[in-house]
Every structure is written in structure tokens, then in C-alpha cells.
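> Fold the stuff below for me.
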Amino acid sequence: MFDPREKIAMFIDGANLYATSRSLGFDIDYRKLLASFQEKAYLLRAYYYTALVEDQEYSSIRPLIDWLDYNGYKVVTKPAKEFTDSSGRRKIKGNMDIELTIDALELIEVVDHYVIFSGDGDFRTLVETLQRKGRKVSIVSTIQSQPPMISDELRRQADNFIDLASLQSEIGRAPSERPPRRPEQDSHEHET
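This is a model prediction of the structure:
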């Protein structure tokens, strides 16, 4: 599936990967994820895309974003949009598909093999475009969940489908294995 001579780039749809790993009952260890793909081929870039809610003083995703930024990932964020749906429920929308697509297309001259962590069927056209330019595309998602987290048309379009469940022993950790909170984190939360 991977040729060690290939230049690969990882494109992680953060919200989609989080939902997929949660549906499988494990957390992603992003240090192990990076190391795993560095062993498979020459990893040129690892992008992580997520939308952030601006008005929250503290976002639970902020420590992850900061860690990724300092540890080999190119983090791409944008403000999430908040709206009220027709039922009066507060909803948050933060789609990063366009940002991921543009970054992928800008690397067309240097990347041999794209690894996209998302099951979103909207990426089928991107995959088809990359393939027309002679690039291989692997999609990482799962069919193990009910319903499956990957759209059928995306899975069919990809050169390779990697079920996230098959990577669990390599890149996962149980939620109980989360790093302990640092004491200074706790003290800041209780300040008034």
C-alpha cells in the first residue's frame, strides 16, 4: 500500500477523526500517529484541520491544537459559526473542507500519496482530481461503526481504504490512558 520512496502528506479532518475514533472507543495518540506514517514513507507534511468557537474563554481542544502545532503538525483553524436552527437549538458549524482541499491541491507537484483522515463524501471530487493528476489517495475512516463513518462513494473512489480500527494498536490509547492533568492546569481553573 505504501512505498518507502513515496512522498506522502496527511490531511486530518479533526472533527471527523475525533468522531470516528470515539465511535470505535479509543483516543488517537498523535505522537504515535505521526511516527507510524513516518515509518511507512517519507512524510512531507501532516495537516490537522479544525474550527474553533471564538467566544469561549477556554476551548477544551486548545491544548491539543497547541501540542500539534509544536510537534510536527501544520494546524489549520478558523472560527466556527454559531447559529440557531429552526427548532431554536444552538448549533455550531465549522466545516474545513475547502481549506483541506486547497492545501491538498497546492501540493500536487510534490506529493505522491495523499492520506486523508475523513469519511466525508464531499471529498470524493478531490480524490478523483488528485487521481487524474497521477496521485495515489488513501482514506482513513471506519466501516466498523453503526452507521459506518465513511461514505460509500468516497470509499469506492479511493485507491486504498484504511479502517481506523486496524490502526488502533499502532496509534490508539484508551480514554483511561489520557495524560494526567498538570497541577498548574487545575490551579488556573479554580482561580476567581
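
> Sketch out the strands for the protein, chain order is fine.
Secondary structure of the chain, counting by DSSP state E: strands at 7-13, 27-28, 42-52, 74-79, 81-84, 90-93, 113-117, 136-141, 160-163, 172-173.

> Redo those as TSV? Include mean neighbour count and mean pLDDT.
C-beta: built from backbone N, CA, C; applies to glycine. Below are these laid out as TSV (neighbours: other Cβ atoms under 10 Å; pLDDT from 0 to 100):
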stretch	mean neighbour count	mean pLDDT
strand 7-13	23	98
strand 27-28	20	95
strand 42-52	20	95
strand 74-79	16	93
strand 81-84	11	80
strand 90-93	10	73
strand 113-117	24	98
strand 136-141	24	98
strand 160-163	17	98
strand 172-173	17	90
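
> Turn the ones you listed into JSON lines, including distance to Glu99.
Formatted as JSON lines, the entries for the strands of the chain read as follows, by distance: least, Cβ to Cβ, whole Å:
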{"stretch": "strand 7-13", "distance to Glu99": "10"}
{"stretch": "strand 27-28", "distance to Glu99": "20"}
{"stretch": "strand 42-52", "distance to Glu99": "6"}
{"stretch": "strand 74-79", "distance to Glu99": "5"}
{"stretch": "strand 81-84", "distance to Glu99": "14"}
{"stretch": "strand 90-93", "distance to Glu99": "14"}
{"stretch": "strand 113-117", "distance to Glu99": "13"}
{"stretch": "strand 136-141", "distance to Glu99": "18"}
{"stretch": "strand 160-163", "distance to Glu99": "22"}
{"stretch": "strand 172-173", "distance to Glu99": "26"}
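
> which stretch among the ones you listed comes nearest Ile65?
For Ile65, the closest of these is strand 74-79, at 5.6 Å, according to Cβ to Cβ.

> ok, the closest one: who's next to it in the sheet?
Strand pairing for strand 74-79, using DSSP bridges, gives strand 42-52 (parallel).

> And the contacts of the partner strand?
Surrounding strand 42-52, the residues in contact under the criterion Cβ atoms under 8 Å, 6 or more residues apart in numbering are 4-15, 34, 37, 59, 61-62, 65, 68, 72-80, 92-96, 99-100, 103, 107, 110-111.

> closest one to Thr20 among the strands of the chain?
Counting by Cβ to Cβ, and looking across all of the strands of the chain, nearest comes strand 136-141 at 5.7 Å.

> Can I get that closest one in PDB, CA atoms only?
What follows is strand 136-141 as a C-alpha-only set of coordinates in PDB (Å, rounded to 0.1, in the frame of the first residue of the first chain):
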ATOM      1  CA  LYS A 136      -2.500   7.800  -5.000                       C
ATOM      2  CA  VAL A 137      -5.100   8.500  -2.300                       C
ATOM      3  CA  SER A 138      -5.700   6.500   0.800                       C
ATOM      4  CA  ILE A 139      -8.700   7.300   3.000                       C
ATOM      5  CA  VAL A 140      -8.700   6.500   6.700                       C
ATOM      6  CA  SER A 141     -12.100   6.100   8.400                       C
END
